[in-house]
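Participant: got a predicted structure here, sequence first:
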Amino acid sequence: MPPWTGAALLRDDSGMCETRRGVVTVPNTLGPGKLRQAKAEATRDVVSRLGEDEYLFPDSVRIDGGGTARWSEAHQDYALMDFHYLCTVRVPGCDGWGVPVT
């Protein structure tokens, strides 16, 4: 099963690059650092799902919106926040594919 089954895959006009979407969850106790933490978690999530011969475009992870608080049964409060993200992934044939990522 491909690692992005269930996640949105959008191909650019050339059909060779993909915009991928996902959701990450971070603690709702980080204050202004929540967005920074969400971006770091999203980047880790994307990298962990990359297939063979796929590369994340540097700095392409974008957080979509300000996050949504989620009820935590364990904490009995809104202790978690869900953040939607999108990013661009190089796949074989995409402009810049095979260029080393620094």
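Facilitator: Happy to help now that I have it. Numbering: from 1, shown residues only.
Participant: from now on I want contacts and neighbour counts done on CA atoms only, so please keep to that.
Facilitator: Noted.
Participant: so the spatially most central residue of the chain is in which element?
Facilitator: When Cα atoms, centre = their mean is applied to the chain, the residue found nearest the centroid is residue 42 (3.9 Å). For residue 42, the host element (DSSP states H and E) is helix 34-49.
Participant: helices and strands around that helix, which ones?
Facilitator: strand 17-27, strand 62-72, strand 77-90 (3 or more Cα pairs under 8 Å, 6 or more residues apart in numbering; DSSP states H and E).
Participant: make TSV from those and add mean pLDDT and distance to residue 49 to it.
Facilitator: Compiled in TSV, those are given as follows (pLDDT from 0 to 100; distance: least, Cα to Cα, whole Å):
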stretch	mean pLDDT	distance to residue 49
strand 17-27	91	11
strand 62-72	89	16
strand 77-90	91	11
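Participant: now for these, which one comes closest to residue 51?
Facilitator: Ranking the helices and strands packed on helix 34-49 by proximity to residue 51 (Cα to Cα) places strand 77-90 first, at 10.1 Å.
Participant: partners of that closest one, with directions?
Facilitator: Here strand 77-90 has these sheet partners by DSSP bridges: strand 17-27 (antiparallel), strand 55-56 (antiparallel), strand 62-72 (antiparallel).
Participant: who's sitting farthest from the centroid in the protein?
Facilitator: Distance from the C-alpha centroid of the chain, by Cα atoms, centre = their mean, peaks at residue 76 (27.5 Å).
Participant: which residues touch residue 64?
Facilitator: Residues in contact with residue 64, defined by Cα atoms under 8 Å, 6 or more residues apart in numbering, are 83, 84, 85, 86.
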